[in-house]
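*Asks:* need a 3D model of the sequence below.
(one chain, ligands or ions: 3)
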Amino acid sequence: MKVLKFGGTSIQDGDRIRNVLGIIRRTMQDTPVIVVVSAIRKVTDLLLEAAVMASDGDVGYSKKLGEIETLHRELVEDLIETAGRKDVEEYLQAELSELGDVLHGVCLLHELSDKSSALIMSFGERFSAWIISSFLRQEGIEASYVDARNMIVTDSNHCDARVDMKASRKLIRAWFKGASGVPVVTGYIGAAPDGTATTLGRGGSDYTATIIGASVGVDKIEIWTDVDGFFSADPKRVRDAYALPFISYSEAMELSHSGAKVLHPYSVHPAMKAGIPISIRNSYNPDAEGTRIGMPEKSETVPERPVTGLSSINNVVLLNLSGSGMVGVPGIASRLFSCLAGHMINIIFISQASSEQSISLVINLAQAEKARRILEEEFAVEIAARQIESLTLRRHIAIIAVVGNDMSGHPGVSAHLFETLGKNGINVIAVAQGANEMNISFVVDSRDEDKALNCVHESFLLSRRTVHVFIAGTGTIAKSLIGQLRDHTYTLRKEMELDVVVSGMANTRMMVVKDGGIDLRNWEKALKPREDGKTIKNYIERIKARNLHNSIFVDCTASSDVAESYPDLLASNISIVTANKLGMAGSWALYETIRDAQHSSNARFLYETNVGAGLPIINTLNDLRNSGDKIIKIEGVLSGTLSYIFNELRKGEKFSDIVRQAKEAGYTEPDPREDLSGADFARKFLILGRELGYRLDYEDIECESLVPEHLRTDMSVDTFMEKLRSADAGYDEKIRKAAENDMTIAYAGEISEGKARISVKMLPLSNPVAGLNGTENMVVFTTDRYLDTPLVVKGPGAGGEVTAGGVFADILRIASYLI
Ligand SMILES: NC(=O)c1ccc[n+]([C@@H]2O[C@H](COP(=O)([O-])OP(=O)(O)OC[C@H]3O[C@@H](n4cnc5c(N)ncnc54)[C@H](O)[C@@H]3O)[C@@H](O)[C@H]2O)c1
Ligand SMILES: N[C@@H](CCO)C(=O)O
Ligand code: NA
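*Replies:* Ligands and ions are numbered 1, 2, ... in the order given. Prediction:
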């Protein structure tokens, strides 16, 4: 035998009820069924609204009553054939008029007791069970209407009644003993010892189903709803949450208590005690397996994940009672809890550290002010004597519960959990874990609720790990990066189980921010003109407001404004990858601010492409230093553009043509004068020098400019490029003269003892620098360990693809730190 419980959405109209008929018929082919129904969708809300209006003396309640009537009449017209309709309508009429009388009474008295409220609410299930049982009979099923008030005995807490299982079991067994056919039972309601109607709390029909199932001893209880089952997390908050095929009774209890609304929290207990499995099924998708709740079967392979699912509760407040006078004083906790219990205030979460200086509780928001008032009265003496220093309420919080049977005895779960939260900059306000070790609950600011759920969901392998990338700049480097990300999506997923989602892009004119990720095949179309002042600030504000987990800001601009915003980003725990040198080579003040922000943030900051583009120069330098080597000297060529220029000059090309080619190929800075003046090279030396620990400013780097004297006035890039021809003859001459002596010219520099110099050098053709090609950079590290034969890093040092590759590698480095 099975109990089938249908929720309000599964019976919301005639078609849905016909669908339910199909489910019942199919089940009956194998086994007898007991049906439990909720009220039709919306009816419970309408009843509540009508009751509240009536109690305010607002006669408008009759309009609500009218709506309730229409809803049910339409259902009867749709489902019940003319011949049988009269009976059903008469019943409905009688019930509606009783309901009208009760509401009228409430309206006259301006008073809504819990007793009348429960009575009013009971009509919803009474209507639906009557209509559905009539419909089933019409369709040839021997169905009967069963009013649960005759079998579920509760206490007299009318609106959230406790069930007397023993008494109920007796009545249920007696009733079902002689019964045949399909009973259609009203969910949600019961009766107090004096016979008055009570309700089992919101969603209580699930509870009805398991109470009846357990009392009768059925084989299975099926809860039919409008979702595919118990999800690993709320799918509205966690995109990749999925329906769990199986969870244990205790996991179901932990999850439903901490906010998962699939199942009424109390309903697991009767089924668990009786050892009856519960299935959560979707009446809109009956082919889906749903979630089975029970004891694991032998054949079932339990996944090797310690965490099964997550849930969260908001609309709650954190109440904190603290004071040094509480230490070692027995009875404070007892009075605190008794006082709240005496006023029917339910405690959702408790935490007290062993110092006993404070006790933290979470209660429902609706009861917060009342709790404060009664506790201030209760502890008035202690407060006056300063033994209790404060009683505070903190709003806008959420409790997150991390649940799993296999967490117990599995070291490292909480370490991993809190590490994940920490790296994402999520502040944990309070923590509670019971000794059964299957639920770790913690309190966060409600702003971090979704972020916490998502990063924890991913970090416990419940879904693929994601990093959210926000790109600034859409020029050469950004374009190559987007192409590389697009081409490697599949490999990253397959080999690293990682999704790099580009969630935002902005340049000076356009912007887009999109949670689910921008389609990288069509990103140009996704960009929308900016009407927001076009500053990077607005883009960053939007990124901060999104508060997505694992966020990385990728700077592909050459803008100092963007570089100046790094401290703000880091303070918001957003990691940064930058190709832009204006941060690390900015003023000493900016450099220090960035470093400080980096140290106090849990986010990461990487800038490998600042020096030598994709070549591993900064990482090499740091590896040498961190492993205890002493760097004596760094020499070499660190401008891709200037390397390219001299390499091409040697081949006999014209200076201005070469500069133009370098610009078109994406080697130069947005303004090529940055390269020709040596500024870009100098910045790289400045960065290396600072990396070595020297307190250097830009002015400390001696550097020779290749911008001809007469072109150093203010002019546009285009004009400059045009006028550059005038320098061609001079360079032809220099190269020719050098060649006569088996020499060549190149632009190179060195750093040693905190001094950095860059200049045009006359070098023998045998010098390795003279042998460079294209945009090749070369860095020569002379160190204690690499003294006789220095360590050389050499390769292309400019261009979209190599630079983007370096940026990409930094993104992946941060991803593997974050997750
Ligand atoms: N080209 C290379 O080989 C190379 C190598 C290493 C590092 N870099 C660095 O990469 C950065 C980008 O170089 P690029 O060649 O792609 O330049 P680019 O001129 O092609 O692109 C720069 C982009 O930044 C945008 N931008 C500028 N200021 C902005 C602001 N305030 N807010 C938002 N967007 C802004 C522009 O609109 C443009 O889309 C530079 O800092 C450069 O030094 C380049
Ligand atoms: N414009 C730079 C790009 C690499 O930082 C260069 O030519 O070296
Ligand atoms: Na590099």
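*Asks:* ligand 1 contacts on the stretch 351-500 of the chain?
*Replies:* Residues of the stretch 351-500 of the chain lying near ligand 1 by Cβ under 6 Å from any ligand atom: 472-478. Using the backbone N, CA and C atoms, a C-beta is placed for each residue, glycine as well.
*Asks:* on the three-state scheme, the residue in the stretch 201-350 of the chain positioned nearest to ligand 2 is what?
*Replies:* Distances between the stretch 201-350 of the chain and ligand 2 by Cβ to the nearest ligand atom are smallest at R239, namely 37.1 Å. Under DSSP: H, G, I helix; E, B strand; the rest coil, the three-state class of R239 is coil.
*Asks:* circling back to that earlier point, of the residues of the stretch 351-500 of the chain next to ligand 1, grab the buried ones for ChimeraX.
*Replies:* Written as a ChimeraX command, the selection of buried residues from these, which uses 16 or more other Cβ atoms under 10 Å, is:
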select :472,473,474,476,477,478
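*Asks:* so which of the residues of the stretch 351-500 of the chain next to ligand 1 is the closest to T593?
*Replies:* Using Cβ to Cβ, A472 is the member of these that lies nearest T593, at 18.6 Å.
*Asks:* and the closest one, what does it touch?
*Replies:* Residues near A472 by Cβ atoms under 8 Å, 6 or more residues apart in numbering: 505-507, 536, 539, 553-557, 559, 562.
*Asks:* tell me what the helix or strand that contains A174 is packed against?
*Replies:* Assessed by DSSP states H and E, A174 sits inside helix 165-177. Helix 165-177 sits against helix 205-216, with contacts defined as 3 or more Cβ pairs under 8 Å, 6 or more residues apart in numbering; DSSP states H and E.
*Asks:* quick check: A241 vs ligand 1, distance?
*Replies:* With distances taken as Cβ to the nearest ligand atom, to the nearest Å, A241 is found 34 Å from ligand 1.
*Asks:* so what's that residue up against?
*Replies:* 231-235, 457, 462-463.
*Asks:* where are the low-confidence patches of the stretch 201-350 of the chain?
*Replies:* Counting by pLDDT under 70, the stretch 201-350 of the chain has low-confidence residues at 297-304.
*Asks:* closest point of it to ligand 1, which residue?
*Replies:* R239 (27.8 Å).
*Asks:* what about that residue, how many residues nearby?
*Replies:* 13 (other Cβ atoms under 10 Å).
*Asks:* checking the closest residue to ligand 3 within the stretch 701-819 of the chain next. Helix, strand or coil?
*Replies:* Of all residues in the stretch 701-819 of the chain, the one sitting closest to ligand 3 is G806 (5.5 Å; Cβ to the ion). Under three-state DSSP, G806 falls in the helix class.
*Asks:* now it, nearest residue through space, not along the chain?
*Replies:* G614 (3.4 Å; Cβ to Cβ, 6 or more residues apart in numbering).
*Asks:* contacts only, for the one you found.
*Replies:* G614 neighbours (Cβ under 8 Å, 6+ apart): 608, 795-796, 802-806, 809.
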